[in-house]
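Undergrad: here's my sequence, what's the structure:
(one chain, ligands or ions: 1)
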Amino acid sequence: MSEKATIEISGKKYDFPLIIGTENEVAIDISNLRSTTDSVITMDPGYKNTGSCESAITFLDGEQGILRYRGYSIEELADKASFLEVAYLLIFGELPTKEQLDKFHSDIKAQSVVDDDVRKIVDAFPKSAHPMGVIASLTSALTAFNPSSVNVDSEEAMYKAIVKILGKFPVLVAWTFRKKNGLPLDYGDKNLGYIENILKMMFKQPNEEYIFNPIVVDALDKLLILHADHEQNCSTSTVRITGSSHVGLFASLSTGISALWGPLHGGANQAVLEMLEAIDQDGGDTEKYMAKAKDKADPFRLMGFGHRVYKSFDPRARIIKKAADSVLEDLGVEDPILEIAKGLEKEALKDPYFVDRKLYPNVDFYSGIIYRAMGIPTDMFTVMFALGRLPGWIAQWREMRLKKEPIGRPRQIYVGKTLRPFVPIDKR
Ligand code: SDX
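TA: Residues are numbered from 1 along each chain as shown. Here you go, the predicted structure:
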């Protein structure tokens, strides 16, 4: 392959170098485009064809349905690693030794107490507040209680901010959940594993001992691994561009949480369950909803289907679908919603509208069914997505800061009014 791209503009040719990745992906490096041409820029709404960075964290191939974290396949990691191991791998680039993992976990546990005044912020929210709005606010509020974690430059300062948020975020998730359910706020237990502690903080009833179900512990661990990173998706790009202004880690994460909330992104897992429940209440009439999804006049989309990058099965959806079967069976849960989901998938995968557009189930299509079987309410599904994505956001923010990448500031093409004189109000 030639090492350059040539663009011809108004009869003049300009050469630009190519960037070739370790998986042989190719990009045209246009970082000097505007300065070498007569201020010409590119246009790419939604950045469907635009790379924002060179990253060594996650590789995905949408055509082949491949997803790897730091070179390890998602299938192997979901099957053999723990979520905390995967968090360490994403953030620091290597699978940890036992000693490294133990130290990482103990550093996190040392930071798992949240300032009691944060309760006043939690109490200020109405019980009707959507948990994503609450958790985004609480994450940003952490900056106020941990000022030293703002604008961290050194790797050591970054590490301190990282273990702080990995320790405190699960507490904020549990407080957000318990507040909505009228339960006293719990601080968890430093003697427990990372996943066990999350479950106990969320679900322990004040008047009884919390009994762990190993099936639920394993299912949550796997789900969080599957959600941990996904290269430059909407929320990760938001964390990167926010962090590029050198605001602190917590504030950057808070913007990512808000971006994830959208139903086109992480909010889809809640929208999927609401859609499946609507179909169930509608007598299981999947045909009607398929027709709605294909009707251009109808804003309805088949939630949990389609993906900006995957034009074949989302490998995470394949793993979650398999896990849904086994978790529901092990928990002895009969959920008609799972059968509706499978029926919808079967119909869509042979319908020309979906086949022609390469619309397959994505990570959000089955995850809610498992969360529901685990007793997690629908409006908490996207918070669980954020809990899983946290190490990925951190890893991407850290990579951007360590590489000292410039502040993100896209250009535009102005299409508004050209210069015109002011008109006094009595003449308008
Ligand atoms: C996540 O980017 C990531 O990596 C995200 C994520 C991660 O881990 O971070 O994987 C997590 O966000 C998964 C996606 C969850 N969202 C949904 O399930 C919502 C439903 N899906 C769609 O809204 C849509 O598929 C997107 C948003 C996911 C992708 O949209 P694109 O890439 O902008 O594609 P598009 O909207 O241009 O659609 C192309 C065509 C259009 O039809 P035509 O104009 O060509 O006729 O496909 C149609 C769309 O109308 N289409 C759908 C559809 N998704 C796309 N039609 C019906 N139902 C759908 N779900």
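
Undergrad: which neighbouring elements make contact with the host helix or strand of residue 177?
TA: If you go by DSSP states H and E, residue 177 is part of helix 155-180. Helix 155-180 sits against helix 98-109, helix 118-124, helix 131-145, helix 194-203, helix 249-261, helix 381-402, with contacts defined as 3 or more C-beta pairs under 8 Å, 6 or more residues apart in numbering; DSSP states H and E. No exception for glycine: its C-beta is placed from N, CA and C like everyone else's.

Undergrad: distance between that helix and the chain's centre?
TA: Here helix 155-180 is found 16 Å from its chain centre; the criterion is C-alpha atoms, centre = their mean, to the nearest Å.

Undergrad: what mean pLDDT would you report for that helix?
TA: What helix 155-180 shows for mean pLDDT is 96.

Undergrad: tell me what angle that helix forms with helix 131-145.
TA: 130 degrees (axes from the mean of the first three to the mean of the last three C-alpha atoms, to 10 degrees).

Undergrad: make a markdown table from the helices and strands packed on helix 155-180 and add mean pLDDT, mean neighbour count and distance to the ligand to it.
TA: Formatted as a markdown table, the helices and strands packed on helix 155-180 follow (pLDDT from 0 to 100; neighbours: other C-beta atoms under 10 Å; distance: least, C-beta to the nearest ligand atom, whole Å):
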| stretch | mean pLDDT | mean neighbour count | distance to the ligand |
| --- | --- | --- | --- |
| helix 98-109 | 98 | 15 | 23 |
| helix 118-124 | 96 | 14 | 27 |
| helix 131-145 | 96 | 21 | 14 |
| helix 194-203 | 97 | 22 | 20 |
| helix 249-261 | 97 | 24 | 8 |
| helix 381-402 | 98 | 24 | 7 |
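
Undergrad: nearest to residue 305, out of these?
TA: helix 381-402 (16.5 Å; C-beta to C-beta).

Undergrad: just how off-centre is that closest one within its chain?
TA: 7 Å.

Undergrad: and for stretch 294-309?
TA: 19 Å.

Undergrad: dump the helices and strands packed on helix 155-180 to JSON lines, plus distance to residue 316.
TA: As requested, these are exported to JSON lines (distance: least, C-beta to C-beta, whole Å):
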{"stretch": "helix 98-109", "distance to residue 316": "24"}
{"stretch": "helix 118-124", "distance to residue 316": "31"}
{"stretch": "helix 131-145", "distance to residue 316": "20"}
{"stretch": "helix 194-203", "distance to residue 316": "18"}
{"stretch": "helix 249-261", "distance to residue 316": "15"}
{"stretch": "helix 381-402", "distance to residue 316": "10"}
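
Undergrad: out of these, the one nearest residue 17 is which?
TA: Residue 17 lies closest to helix 381-402 among these, at 21.8 Å (C-beta to C-beta).

Undergrad: grab the nearest non-local neighbour of the closest residue to the ligand within the stretch 301-428 of the chain.
TA: Among all residues of the stretch 301-428 of the chain, residue 306 sits closest to the ligand, at 2.3 Å; criterion: C-beta to the nearest ligand atom. Nearest non-adjacent residue to residue 306, counting by C-beta to C-beta, 6 or more residues apart in numbering: residue 359, 4.3 Å away.

Undergrad: so what's the residue of the stretch 301-428 of the chain closest to the ligand up against?
TA: Contact analysis of residue 306 by C-beta atoms under 8 Å, 6 or more residues apart in numbering lists 357, 359, 360, 362.

Undergrad: again, only this time at 10 Å
TA: By C-beta atoms under 10 Å, 6 or more residues apart in numbering, the contact set of residue 306 is 264, 268, 293, 314, 348, 354, 357-362, 365.
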